[in-house]
Structure formats: C-alpha cells, structure tokens
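1. Here is my input, please return the structure:
(chains A, B, C and D)
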There are 2 protein chains.
Amino acid sequence: MALRGVARRRALLDATVRVIGRGGIAAVDHRAVAAEAGVPLGSTTYYFDSKDDMVARALEHVAEREAERLRAESEGGALDVGPDLLPERLADVVIHAWAGDRVTLLAQYELYLESARRPYLRPAAERWDRAYRDLLQHALELLGAPDPPRRARLLCASLDGLLLDHVATASDPSELRSLAIELIERIAAP
Amino acid sequence: MALRGVARRRALLDATVRVIGRGGIAAVDHRAVAAEAGVPLGSTTYYFDSKDDMVARALEHVAEREAERLRAESEGGALDVGPDLLPERLADVVIHAWAGDRVTLLAQYELYLESARRPYLRPAAERWDRAYRDLLQHALELLGAPDPPRRARLLCASLDGLLLDHVATASDPSELRSLAIELIERIAAP
DNA sequence: GTTGTACATGTACAACTGTACAGATTGAGG
DNA sequence: CCTCAATCTGTACAGTTGTACATGTACAAC
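-> Here you go, the predicted structure:
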C-alpha cells in the first residue's frame, strides 16, 4: 500500500501551518519546515513539488480540517438546544476551538488572505467558507431568522472580523464571547 | 534643510505597500521595492535600517494615512445627514475609498495581521483602529445607539470582516454595500 | 571657494534558499 | 530469496537576498 508516507506528509503540513502562524508565509522555507516537523530537509522536496505547492497544500489542509470540524459539530448535535441558549452555544462553537491555539488561527487568516492572491487556492478557501456558512445558516433557521442564506453570509464575515480583531489585539476572551453573542442575536433578529 | 529625501522616502513606502498588496510580505525584498519605486537598490538601505524596518514603516505609513483620511472625513462633515441617511453614508465612507484599490486594501490586512506577531507594530495598528472606532462611535451617537464605545468596537470588527471577505472573494460591490448598511443598522439598533 | 552634511548609488559578498539527485532503505508480493 | 516500487536522506549547487561600504553629488552656510 502507498500509505506509509501519509503520516509524514501530514506532519509536514502541520509543521508548515505552525511556521506560518508563528512567522507568516514569509517565514516558510524548506529548512524551517523540516526542522519544525523533525524530519530531514530532503523530505520536503519528496512530498511537495515546490515551496508554493507546500504552502498551497497547507491551506487546503487547514481548510479541510476546519470544515470537517464544523460539520462534525453541526451533526454532533452541538446546536440542539433551545433558541434562548443557541446564541451562546453557537458563539462557543465558533470561538472555543480557537481560543487555545492562537498560532493556528493566525495561520488560518494568513492563508485566507493568500487565497485572495492565488486563484488556485480559492476552491479550498470556498469549501471552508461553505462549511462555516452552512453551520451558521442552520443555526439562523433554528432561530427563525428571515432570509437565512444572506444572514449567514453577513454573520460569517462579521464573526471572522471579530476573531481577527481578537487575535491581533489579544483581547480578553470573555469580552470576545460576549461580543460574539450580541452579534449573533442582532443578526438573527427579525 | 533635512527635507530633500522625504519625497523619495515616501515613494519607497508607497512602493513597499504595493509590493505587499500584490504578493504579500513574502514578496518584499530590497530589489523588488527599489524597482517598484523606480530608484536604485542602494536607496533602500539608505532610508531603512533593514528589511524588517522597511515593512514596519510601511505599516505605520498606511495606518497614518488611513487614520488621517478617517479623521478628515469625520471633520469634513461627511456624517452631517439625517439619521435615516446616516447608515448608507457611513457605509460609503468605510467602503468607497477602498473599492478601487484592492491592492492597498490587501496590504492593509496583511500588515494588520503582521501586527499580531510583531509587538512593536501594535502602536501604529492601534492608532489606526482608534481613528476608525472614533468615527464609528460618533456615528453611533448620532444614531442614538446605547453604549457607543462597545457598539463601535463591535461594528469596527464586523465591518473589517465584511471587507476582508469582500477582498478575498472579489464579491459584488453593491452587495457589499447593502450588507454593510444592514450591519450598521442592526448594530445601531437599541 | 571651501567646507560640512544630507543625499545618492553601484558594487561586492557572505549567507541563505530552492531544488535536483544519487544513492540507501524499507517492505509487500512473487 | 529476489524484485520492484515507494520511501527516505545527505549533499551539492546555482540563484537569490540582505546588507555593508566606497565613492560620489548637491547644496546650504560661511
């Protein structure tokens, strides 16, 4: 089976994400990624066609991972609560998984921004966005909000902005939570 | 007078911003910036201590420029309209200046994100944020919203998210405008 | 005109970086 | 055991990049 290398490949992708989170895309080079993953330099060229390819796969990797998490959260019944509790539950789903991992969150924004410049990255970014928006749309339907697709789009972008502000300013997490809840309630309101 | 070089210095800063907007911070190197500004390589080391310094000054440059624009807009009476027209006027102020210059907008987000990693960039990013939030707070007061500082924080982050989404997905500008207006109205609502 | 200072730039080079590649190792199938 | 493909890795090297610096030029003050 051609599966022996899968673990190492993933280790390299994870390492790439950490390097980007810590120092931006500018900090990515084969040696830094190899060291971060604890593998020899040669491995990086074996698993990726080029540096650009490495960065691109890293985006697809985080996007896929995040999309899966959101879908799992949705199907796992995270939103199965009354409408009065839904906003804070939703805020927790969106925020909590990130609270502890500032570096990954930074990398995610870095890669999202990069997708604005490299058209071939758009599909991955869009699949991620889609999973995100589906979750929000579902919640908005449960909350009885009108025109859920549009509201979901608005809420998705707004929450992203809130997260970005939080990660940039390292603001108080509990304040972030309270702002997120308020945002959700306001955008869900008829 | 020690002022002869000011124009060239600004030309280099503008060039740096364009390079970042087009290719990200990873694309910045002395030669690329010099070529973009139409000056010889040596100029870059004359005006900046290092590459990091160059990028840092570029952030301060855009931040200062943007903060000034927002202040001018505010004092220039852009918000002197009735409460019914204020939301769309505000949306135009926030959005319109950017609509034509995708590259600069991308650079702004890139630099804002970078300020999360380099603490010495925070003051510049914060002065910018402050100018932005002051404008929004003023508008929210005119709209009679309660707790304007908090609402301004929320609106600031949300609108940023909306812009980020727009610049990443190259979405329809008129849809962006309509979403921005809705966001403003919802966050201003009592 | 001399001098001092800010401005300017071409060139050089050590360090870094992307990538190729030859050769080693592994492990499943025959 | 042999074969073969996948996996792995150390080394090499050409191209790039950050930065120093010697040398110049402009121009205000005296």
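
2. Tell me, what's the model's pLDDT at the residue of chain A found nearest DNA strand C?
-> Of all residues in chain A, the one sitting closest to DNA strand C is residue A:29 (2.8 Å; C-beta to the nearest atom of the strand). Just so you know, the C-beta spots here come from the backbone N, C-alpha and C atoms, and that holds for glycine as well. pLDDT for residue A:29: 97.

3. if I look at it, how far off is residue A:11?
-> Using C-beta to C-beta, to the nearest Å, one gets 17 Å for the distance from residue A:29 to residue A:11.

4. In terms of helices and strands, where is residue A:111?
-> Counting by DSSP states H and E, the secondary-structure element that holds residue A:111 is helix A:102-114.

5. That helix near DNA strand C anywhere?
-> No - using C-beta under 7 Å from any atom of the strand, helix A:102-114 stays clear of DNA strand C, with a minimum separation of 14.7 Å.

6. Counting by contacts, list what that helix packs against.
-> Applying 3 or more C-beta pairs under 8 Å, 6 or more residues apart in numbering or on different chains; DSSP states H and E, one finds that helix A:102-114 makes contact with helix A:6-23, helix A:51-75, helix A:148-169, helix B:102-114, helix B:148-169.

7. Export these as TSV, with columns for distance to residue A:125.
-> What follows is the helices and strands packed on helix A:102-114, written out as TSV (distance: least, C-beta to C-beta, whole Å):
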stretch	distance to residue A:125
helix A:6-23	15
helix A:51-75	6
helix A:148-169	12
helix B:102-114	14
helix B:148-169	7
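
8. and the gap between residue A:126 and residue A:132?
-> Relative to residue A:132, and taking C-beta to C-beta, residue A:126 is found at 10 Å.

9. Tell me the confidence at the closest residue to chain B within chain A?
-> Going by C-beta to the nearest C-beta, chain B is nearest to residue A:161 of chain A, at 2.1 Å. Here the pLDDT value assigned to residue A:161 is 96.

10. now swap in the one 3 residues further on and tell me
-> The confidence metric pLDDT takes the value 94 at residue A:164.

11. Next, the contact list for it, please.
-> Contacts of residue A:164 were listed using C-beta atoms under 8 Å, 6 or more residues apart in numbering or on different chains, and they are A:109, B:112, B:113, B:157, B:160, B:161, B:164.
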